[in-house]
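>>> All I have is the shape, not the residue letters:
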C-alpha cells in the first residue's frame, strides 16, 4: 500500500499519484499521450451518459465528422487559424505516398462542420440546425498533464446554426446552463459562469462564456466553454439561407464543448489524503459490499445474504460491487475502495447477520451507521443523495473561503501568486490592464454579470467589468 | 421526390443514392472520408448500445488508448507491419516542428494495447484481462465506399489476455457468438461463421474467425472478425506473467471487432426500391405517427389524440416520431418515412378518431391493419417483433436461394462472376488453389466446420476443408 504524497503541501504530486494508484490512467510511451484505464473511463462514461441525455433532450442530434481536415480549411477563418495553427498535428504521408495537401488532425471541428452546414442549409426552414459530436481531438501540448492537458483528448462539441442572433445567444446561454447543472448536480462542483475577456476568447468567437471552478490548491480550472461565433465563419464557408422575407442571409452560429478534463476536476475538487472521493451520481461503483469473513463462520450463508443485499440495491438502479475476494483482508479492501473514492461501503459480518443488519460507512464521513438489511434498499439511495449534498456544500465552502475581494493587483498579487484563490475585482476593459496579472502567473478567468468594484485593479480608471482573477490550469 | 436507381439492375448506384437520400451520410471535400449524418449516426448508436451492453455483460471493460502510435511500434510484430504499413496515415509534423519519430494514426490498436498489457500483467492473478475500446481508426483506402470502406471508420476493438490457450480459444468463439446474436436478433441478418483461409487471416493472427453475410447483389460482406493471435505478439511486447507454478509464461491473446460497416450491411441486405428497410430493434424511429388532417377537421382534437397514442407507445419503450408538419401532404410523409425505412407507420384521421381507432402500415408488407386506440400499446410491440421475424426469414430465404453447391471452379466460375452468391465446395488446403478464385474476382470467404465435398475445387486432390467462395465487398 503506497502512501499518497501530501495533498496540502504537494498537490501536483498528489494529483499525479492518485490517478495512477486508483488506476484511472497510465502513461504510454508516447509523449503527451494518456491511456484511460477502465476505472477512469467508467467515470467518463457516467459523465458522458448524463450529458448526452441532456444534449438530446434539448433538441440536438449526434453526428460524426472526419478526423482529418485539409490544412487549407483551417486557414479560411483568419483568427481561427492563428489560434490553432501552432498546436496542430499534420499528416503529410498516407497510403505510402506524400499527400498533395497535408491534412491536420482536428483540433476542433468548426471548419469541417461549417463546410457541411453550407450544404445542408438553404432556407429558414432548415434552421435551427443543432448538431453534436462526441470525438477525440488533438492539440500539441507543451506541458501535458493527465486529463487536464494531453495531446489527444475526448470531448463533445456542439455546433448550431440559427435564424437570428437572439436565438443563437439563447443557445449559448442554454448550453452553459446545462453544463452548470451537470457540474452542480452530478459532479458536485460549484462553478462560476461568466464571459471570457478578449485574450481568452475562442479564436473566431465574438463571445466565449466559460464556467470555472476552484481546485483545492487554489488554482482555477476552465471546465468548459460556450461560444457565440463571429459571422465571419458563416461568410468564410458560404453558409447562406433564404430568410422569411426571401432575402439571402448568414445564419448565427454557436459552438460549445466540455472534455475529459471534467474527470480531472472531480479528482482535484473532491479528493483527500486517502485518495479519490467520487460524487455518487457519477461514481461507476456507488456501493462496495465487503463481507467480513471470520474464523469458522458460515461463508456460504454470509455470501448468500450479501447477494440478496446486492440484488435489492441493483433493483433500485444502484451500481454495486461485491468484494468477495478471500485472499484479501477487510482492511485491505477498505483501503482499496477508499483510494478509488467509492461513496458507500457496506460491511456484513456473521454477527451482523444474526442481528439482521449491516454496517454502512461513507467516503465523506467518519461515523458508521447500522441499518436493518430489509431497509438498505430504502436507505442507500437517500444516503447517496446526502453524500452528494455534503460534497457540494463542502466544495462550495472551500471555494468561498478562497474567494477574495481585491482592489489593486499590486496589493493582492503576491498573495494570489502564493496561495491562489479567486480574486474578485474591477477592470477598466483595456488590454494593457488585462495582461498585468500575468506578472503573478494569473489571468482574468471571467467577467461577472454584476459590477461591484468601482476602480480598475490595474490603473486609475473606473471599472467597466467585475472580474475574477486567478491562477489557472 | 427523386426516384432511386433500380435496385436489381444497378445495385451500386442504388446503394450510394439511398444513403444520401435517406440522409445517412454526406461526402465532405476530403478524399475517402465520410460524414455520418444524424439519422445514420442514430442507427450506429442503436447497434453500439446493444453491443456495448453485451461486451460489458461478458466481463469486458471499456478503456481508451492513444490515437497516435510511434511508427516503430507497428514494426515490432513482423507480419503485422507487413499487413498494415501500406495503408497507414503518418503524422510527421506537430506543434510547428518536424517530429523525431513519425507517429502513425492507429489502423488497429494491438501494438499500443499490448505495450500497456506488459505493464499491467505480472501474475496469473492479473488474468484474464479483458479490455474493449470504442474508437476511430484510419486505413488509407484506394476505393472508398460509404460505410464499407472509408479512410476513417468507427469500431470496437476487444483485446484480451488469458492464462491458457483453451481460455483464449473460448474467448474468440464466445465473442463470435455474440456477434452472430447481434446480426440475427438485432440486424435481422443471417450470417455464416467460419475460419478464414491463410491469405485472409489478420496480419499476426494464428486464426481469424469471420462472419459473412450475402448482400442482395450476391456479393459477400465480411461483417466482423475474431482473432486468436500468435504468441509472437506477447513476445514482441514482452508480456509475461508468473503462472500458477511460479514459472514465467506468455499469455494467450485475442482481438475482435466490428465496425460502422454493419450499418452498410443493414442497408444492403434489407433495402428495397422505396429505400431503407430498418430492422425494428435498431431503428432509431420505430413508429412514425402521421395525423391525417382533412378539410375542416378539428386539428387540436386530432393532435391531442395523437399525443396520447405517442405517450402510450413511449411508455412501452418504443421510439416514436409524430410527423405533425402541416406544410406537407400525408403522401409526402409516407414517402419520407418509407425512404427512411421506419418499420411501422400509424395513420390517424378524424374518421378514425370517431371510431376510436388507428390504421397501421408496416414497411415490409402491403396490407394495412386497423387497431383500436386503446390496444395500440399492446399491438405495436408484437408487430415490431413480427416485422423482425419477417425480415430475418426473408433475408435467409434470399441468401439460401443464392447458396450453391459447387464442384469445380472452372464449371461454376463464370456464373459466380456474373451472378454472385455463396459457392460451397471443397478445398485441398494449398495456397495455389486458394488463389484460383481471383480469376473470377472471388475469394474463399471462410472454411465451414463440416466437410461435405470430397474433391478440391481447384485440383484433383482430396478436399481438406469445406469452403464458401464468393465475390466480396
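Right, received. Where do you want to start? No experiment lies behind these values; they were computed from the predicted model shown.

>>> For residue A:461, give its distance to residue A:385.
Separation of residue A:461 from residue A:385 (CB to CB, to the nearest Å): 48 Å. Bear in mind the C-beta positions are built from the backbone N, C-alpha and C, glycine included.

>>> show me the contacts for the closest residue to residue A:35 other than its chain neighbours.
For residue A:35, ignoring the flanking residues on the chain, the nearest one in space by CB to CB, 6 or more residues apart in numbering or on different chains is residue A:26 at 4.6 Å. Residues near residue A:26 by CB atoms under 8 Å, 6 or more residues apart in numbering or on different chains: A:20, A:34, A:35, A:37, B:116, B:119, B:120.

>>> In the stretch 151-300 of chain A, mark out all the strands, start to finish.
A:152-162, A:192-195, A:205-214, A:220-229, A:241-242, A:248-249, A:252-259, A:287-291 (DSSP state E, counting those that start in this stretch).

>>> For PyMOL, write the select line for the buried members of the contacts of residue A:26.
Burial among these is assessed by 16 or more other CB atoms under 10 Å in any protein chain shown; the matching PyMOL selection reads:
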select buried, (chain A and resi 34+35+37) or (chain B and resi 116)
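
>>> Just give me the closest of the contacts of residue A:26 to residue B:185.
residue A:37 (31.9 Å; CB to CB).

>>> Quick check: the gap between that closest one and residue A:155.
From residue A:37 to residue A:155 the distance is 19 Å (CB to CB).

>>> in chain A, what spans have low per-residue confidence?
A:1-2 (pLDDT under 70).

>>> Can you name the residue of the stretch 301-450 of chain A nearest chain B?
The nearest approach of the stretch 301-450 of chain A to chain B comes at residue A:327, 8.3 Å away (CB to the nearest CB).

>>> Helix, strand, or coil at that residue?
Assigned with DSSP: H, G, I helix; E, B strand; the rest coil, residue A:327 falls in the coil class.

>>> and the closest residue in space to residue A:7 that isn't next to it in sequence, backbone torsions?
Nearest residue to residue A:7 in three dimensions, chain neighbours excluded: residue A:14, at 4.5 Å (CB to CB, 6+ apart). Torsion angles at residue A:14 (phi, psi; degrees, to the nearest 10) stand at phi -60, psi -50.

>>> Is there a neighbour count for residue A:14? I'd like the number.
23 (other CB atoms under 10 Å in any protein chain shown).

>>> Please apply the same query to the one 10 residues further on.
Residues near residue A:24, counting by other CB under 10 Å, number 27.

>>> hang on, residue A:388 is in a strand, isn't it?
No. Applying three-state DSSP, one finds residue A:388 to be helix, outside a strand.

>>> got the contact list for it?
Here residue A:388 is in contact with A:185, A:188, A:279, A:280, A:281 (criterion: CB under 8 Å, 6+ apart).

>>> ok, now with 10 Å
By CB atoms under 10 Å, 6 or more residues apart in numbering or on different chains, residue A:388 lies in contact with A:184, A:185, A:186, A:187, A:188, A:279, A:280, A:281, A:282, A:343, A:364.

>>> about what we covered before: state the distance from the residue nearest to residue A:35 to residue B:117.
Relative to residue B:117, and taking CB to CB, residue A:26 is found at 11 Å.

>>> try residue A:469
46 Å.

>>> if we can go back for a sec, can you redo the strands of the stretch 151-300 of chain A as CSV, where the extra columns are mean neighbour count and distance to chain B?
As requested, the strands of the stretch 151-300 of chain A are arranged in CSV below (neighbours: other CB atoms under 10 Å in any protein chain shown; distance: least, CB to the nearest CB, whole Å):
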stretch, mean neighbour count, distance to chain B
strand A:152-162, 22, 5
strand A:192-195, 20, 29
strand A:205-214, 23, 23
strand A:220-229, 25, 19
strand A:241-242, 18, 15
strand A:248-249, 12, 21
strand A:252-259, 25, 13
strand A:287-291, 25, 17
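
>>> Of all these, which one comes closest to residue B:376?
strand A:152-162 (35.0 Å).

>>> helices and strands around the closest one, which ones?
helix A:38-57, helix A:110-120, strand A:129-138, helix A:165-185, strand A:220-229, helix A:231-236, strand A:252-259, helix A:261-270 (3 or more CB pairs under 10 Å, 6 or more residues apart in numbering or on different chains; DSSP states H and E).

>>> Describe which strands it pairs with in its sheet and in which direction.
strand A:129-138 (antiparallel), strand A:252-259 (antiparallel) (DSSP bridges).

>>> Out of these, flag the one nearest residue A:59.
Using CB to CB, the strands paired with strand A:152-162 put strand A:129-138 closest to residue A:59, at 5.5 Å.

>>> just the angle between that closest one and helix A:38-57, please?
On the basis of axes from the mean of the first three to the mean of the last three CA atoms, to 10 degrees, strand A:129-138 is oriented at 160 degrees to helix A:38-57.

>>> Let me know the angle separating strand A:129-138 from helix A:165-185.
50 degrees.

>>> Name the residues of strand A:129-138 that are buried.
Those buried within strand A:129-138 under the rule 16+ other CB under 10 Å are A:129, A:130, A:131, A:132, A:133, A:134, A:135, A:136, A:137, A:138.

>>> What are the neighbouring residues in contact with the last one?
If I follow you right, that is residue A:138. Neighbours of residue A:138 in contact, by CB under 10 Å, 6+ apart: A:32-33, A:67, A:87-89, A:104-107, A:150-153, B:66-68, B:91, B:94, B:105.

>>> got a list of what the spatially most distant residue from the centre of chain A touches?
Here the centre of chain A is the reference, and by CA atoms, centre = their mean the most remote residue is residue A:296, at 48.3 Å. Contacts for residue A:296 (CB under 10 Å, 6+ apart) come out as residue A:350.

>>> how much space is there between it and chain B?
Distance of residue A:296 to chain B, computed by CB to the nearest CB, to the nearest Å: 26 Å.

>>> Would you mind listing what in the stretch 251-400 of chain A touches chain B?
A:260, A:284, A:325, A:327 (CB under 10 Å from any CB of the partner chain).

>>> Using JSON lines, lay out these together with neighbour count and distance to residue B:199.
JSON lines is the format used below for those (neighbours: other CB atoms under 10 Å in any protein chain shown; distance: CB to CB, whole Å):
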{"residue": "A:260", "neighbour count": "25", "distance to residue B:199": "41"}
{"residue": "A:284", "neighbour count": "20", "distance to residue B:199": "43"}
{"residue": "A:325", "neighbour count": "13", "distance to residue B:199": "46"}
{"residue": "A:327", "neighbour count": "6", "distance to residue B:199": "47"}
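
>>> Quickly find the element holding residue A:447.
Take DSSP states H and E as the rule and residue A:447 turns out to sit in strand A:442-448.

>>> gap between that strand and the chain center?
In terms of CA atoms, centre = their mean, to the nearest Å, the centre of strand A:442-448 is set 18 Å apart from its chain centre.

>>> On the C-terminal side of it, identify the next helix or strand.
Next along from strand A:442-448, by DSSP H and E: strand A:465-471.

>>> how much does that next one deviate in direction from strand A:205-214?
50 degrees.

>>> and chain A, what are its domains?
A:23-270, A:287-383, A:403-471 (automatic domain parsing).

>>> just so I know, which of these lies nearest residue B:415?
Per CB to CB, nearest to residue B:415 of those: domain A:23-270, 34.8 Å.

>>> which stretch of helix or strand covers residue A:73?
Using DSSP H and E, residue A:73 falls in helix A:71-74.

>>> Give me the next element, helix or strand, following that helix.
By DSSP H and E, the next helix or strand past helix A:71-74 is helix A:78-84.

>>> Now do that following helix: which elements does it pack against?
For helix A:78-84, where contacts count as 3+ CB pairs under 10 Å, 6+ apart, the packed elements are helix A:71-74, helix A:110-120, strand A:205-214, helix A:231-236.

>>> Return the list of strands paired to the third one, each annotated with direction.
Taking DSSP bridges as the criterion, strand A:205-214 forms sheet pairs with strand A:192-195 (antiparallel), strand A:220-229 (antiparallel).

>>> Turn those strands into TSV, columns for distance to residue A:435.
As requested, the strands paired with strand A:205-214 are exported to TSV (distance: least, CB to CB, whole Å):
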stretch	distance to residue A:435
strand A:192-195	18
strand A:220-229	17
